[in-house]
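K.L.:
sharing a model prediction with you, sequence too.
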Amino acid sequence: MAGSLSCLQVKKYPGVKYNYESANTKGLFVVGELMHSRDFGTAAGGFIHGFRHLTVALFQLLEMDHHGQKWPQAQKFAPKSADLRNESAPALDIITNSLVHRFGRAPGPYHMFQVLQDVVVFLKNGEAVLLHSVPRAAVVKVIDSGFGNNATRYLTVTWAYGERFSGRGTDVFFDSRLALNASEAHRSNFRHPVIETYLGDEESWSQCTRHHVLDDANLGWSDRRVHVGPLQRHLDLFFGMNTIEDCLDWMKQQPKFVQLGKAEKQDIQFNDLLFDSTDEERKIGEVVTKVWLS
Ligand SMILES: Cc1cc2nc3c(=O)[nH]c(=O)nc-3n(C[C@H](O)[C@H](O)[C@H](O)COP(=O)(O)OP(=O)(O)OC[C@H]3O[C@@H](n4cnc5c(N)ncnc54)[C@H](O)[C@@H]3O)c2cc1C
């Protein structure tokens, strides 16, 4: 196929959209190291251990966009029938255990940190569905095309480093670089899971809360006291929130680092990734930024 790849972002790499399609030639997709165009300076898309996961994701995106296929459902969770007050409540304890099981075993989100995310979509009937390794910039599209108005809220699991993990002039061996208590998990400096939650209404999705899972030198993140318990409590808290005002109230009570520091950085990156995106995607990026910076 004839076509060209303009270099929009970093000279070495071509400009590509969220689905790795050339920014200036419709129907021309890149696979392999060139996919690093979207995560240059962030994740491992320039290496085989990174782009092999992007390649699988590209296949799923092509299936979705061109063949009407839904993103594969890795796990489905039945509603929590024991909750007599609310028969359609999701089984948050089982979902928590499933997330923790993935923490130590999910190669896509681990290598393609901040780019590929596991997603749990919560449905009106109390069911929930786990999707593996969805590109961050495609999450809303994947949810909308797979579940439509049945999806009421969702969460994403992404891996992130702390702010002072690397960088020119950064003292990476600073005192207190190791967060030891669950209450300080937001200061975790090595790669660790971050759970972001979103509430939906009829028109759009809004970011609600953010939960850092404490650093774990053993890369298991499965200690019931410092990893599993706090995560489950956070999911319970999220399900107690029903409006964006609830979310904003929660954010105001958070340490500055959680509220602005990391969020601001990540969301700017998120917007950067949308440099060639559709109006709809850009709108989502703006909503996320607005919510976190307000
Ligand atoms: C020294 C070094 C060490 C590395 N170590 C690791 C490592 O330990 N782990 C890891 O995961 N990754 C590593 N990498 C990165 C990894 O090797 C590359 O990311 C990977 O090989 C890229 O694969 P690719 O198929 O996308 O591109 P390439 O392997 O570069 O293949 C592109 C192919 O396209 C051909 N081509 C180019 N232009 C045209 C054209 N116009 N028409 C027709 N054909 C064309 C080229 O000749 C080439 O054969 C390393 C890279 C280097 C340089």
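P.N.:
Done, it's in. Numbers count the residues shown, from 1 in each chain.

K.L.:
surely Gly41 is in a helix?
P.N.:
No - assessed with DSSP: H, G, I helix; E, B strand; the rest coil, Gly41 is coil; it does not lie in a helix.

K.L.:
which parts of this protein are helices?
P.N.:
Assigned by DSSP state H, the helices in the chain fall at 48-67, 92-103, 107-111, 139-147, 229-239, 244-252, 256, 262-273, 279-293.

K.L.:
interface residues of this structure facing the ligand?
P.N.:
Selection of the chain residues close to the ligand by C-beta under 6 Å from any ligand atom yields Gly32, Glu33, Gly46, Phe47, Ile48, His49. Using the backbone N, CA and C atoms, a C-beta is placed for each residue, glycine as well.

K.L.:
most neighbours among those residues, which one is it?
P.N.:
Neighbour counts for those (other C-beta atoms under 10 Å) peak at Gly46, which has 18 neighbours.

K.L.:
return the residues in contact with that residue.
P.N.:
Glu33, His36, Phe40 (C-beta atoms under 8 Å, 6 or more residues apart in numbering).

K.L.:
against Asp216, how distant is the last one?
P.N.:
It stands for Phe40. 28 Å (C-beta to C-beta, to the nearest Å).

K.L.:
these two: who's more crowded?
P.N.:
Taking other C-beta under 10 Å, Phe40 and Asp216 do not tie; Asp216 has more neighbours (19 against 13).

K.L.:
test my guess that the more buried one contacts Val228.
P.N.:
No - taking contacts as C-beta atoms under 8 Å, Asp216 lies outside contact range of Val228: 11.4 Å.

K.L.:
quick revisit: let me have the contacts of Gly46 in TSV, extended by pLDDT.
P.N.:
Formatted as TSV, these follow (pLDDT from 0 to 100):
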residue	pLDDT
Glu33	95
His36	94
Phe40	88
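
K.L.:
hang on, the earlier thing: need the residues of the chain next to the ligand in JSON lines with distance to Phe113, can you?
P.N.:
Putting those into JSON lines (distance: C-beta to C-beta, whole Å) gives the following:
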{"residue": "Gly32", "distance to Phe113": "19"}
{"residue": "Glu33", "distance to Phe113": "18"}
{"residue": "Gly46", "distance to Phe113": "14"}
{"residue": "Phe47", "distance to Phe113": "13"}
{"residue": "Ile48", "distance to Phe113": "16"}
{"residue": "His49", "distance to Phe113": "12"}
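
K.L.:
of all the residues you listed, which two lie farthest apart?
P.N.:
Spanning the widest gap among the residues of the chain next to the ligand are Gly32 and His49, at 12.7 Å by C-beta to C-beta.

K.L.:
returning to that earlier point: just the helices of the chain: most buried one?
P.N.:
When the helices of the chain are scored by mean count of other C-beta atoms under 10 Å, the highest mean neighbour count falls to helix 107-111 (a mean of 21).

K.L.:
contacts for it, please.
P.N.:
Taking C-beta under 8 Å, 6+ apart as the rule, helix 107-111 contacts 43-44, 49-50, 53, 56-57, 116-118, 132-133, 157-159, 191.
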